[in-house]
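1. quick one, fold the following:
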Amino acid sequence: MLIGYVRVSKSDGSQTLAPQHDAMLAAGVDPARIYEDLASGRRDDRPGLAACLKAIQPGNTLVLWKLDRLGRDLRHLVNTVEDLRTRGVGLKVLTGAGAQIDTATANGRLAFGIFAAFAEFERELIAERTHAGLAAARARGRMGGRPRKMDRATLMMAMAAMADPKAVAADVAKRLGLTTTTLYAYVNGDGSPKAAGQAVLDGKLRADQAAKGAASPPLSLQTGGA
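-> Numbers count the residues shown, from 1 in each chain. Got it, this is the predicted structure:
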């Protein structure tokens, strides 16, 4: 079964889906099985594509007018094509630079396999860089893992910002170089510290007290006692 996907970048009427629809019909795609979007390819929220990928079944073939109708960028394109391949879904591109891709032909299957090779190569590169980074960290006496981004200075600024009733958490987090999730893990919406935030404050207080204690001589020495 052939499933078509068509897209134009603008929804203001300056671009039309008609040429892509005509190409789909000429390729034998049922009009009821053509999914469409009126959105830039760089947008994550493309409901037509999401519905298309959800509806497509193993043994089906996804038909595209051009390869760039599918991918947000090269990485997204490679990953999407690889996902189709692992699901047993074919791919056919009607025109443009990817027109040689048609998994019903030997050459098309070869081109499809190249995408799989690129996806595997990218995964191996990521794994290699991760292992190298962890090894370098261990060599310097550090263990792997995500560093904590919230320190006392950042926490104080976050508390002060969130105390403003007009504050937008996402904006505050962005200004401080945090994620919104991290921000809310330490600070309430009214700017008061949560348990994790209070622990940061208490930990700093104990460290300051310990430092002052180490700097002060014993009471017996201060008073001249034995």
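
2. and for residue 101, the neighbour number?
-> 23 (other Cβ atoms under 10 Å). Using the backbone N, CA and C atoms, a C-beta is placed for each residue, glycine as well.

3. same deal with residue 164?
-> Neighbours of residue 164 (other Cβ under 10 Å): 11.

4. mind listing what it touches?
-> residue 191 (Cβ atoms under 8 Å, 6 or more residues apart in numbering).

5. give me the nearest residue to residue 188, chain neighbours excluded.
-> residue 194 (5.8 Å; Cβ to Cβ, 6 or more residues apart in numbering).

6. can you tell me how far residue 183 is from residue 196?
-> Remark: distance between residue 183 and residue 196 (Cβ to Cβ, to the nearest Å) = 11 Å.

7. so which residues of this protein form strands?
-> 2-8, 34-38, 61-64, 90-93 (DSSP state E).

8. including mean neighbour count and distance to residue 78, could those go into JSON lines?
-> Formatted as JSON lines, the strands of the chain follow (neighbours: other Cβ atoms under 10 Å; distance: least, Cβ to Cβ, whole Å):
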{"stretch": "strand 2-8", "mean neighbour count": "22", "distance to residue 78": "17"}
{"stretch": "strand 34-38", "mean neighbour count": "20", "distance to residue 78": "20"}
{"stretch": "strand 61-64", "mean neighbour count": "23", "distance to residue 78": "15"}
{"stretch": "strand 90-93", "mean neighbour count": "22", "distance to residue 78": "12"}
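
9. name the helix or strand of the chain that has the lowest mean pLDDT.
-> Across the helices and strands of the chain, mean confidence by mean pLDDT, DSSP states H and E is lowest for helix 219-222: a mean of 46.

10. next, count neighbours for residue 193.
-> 19.

11. tell me, what's the model's pLDDT at residue 102?
-> pLDDT, residue 102: 80.
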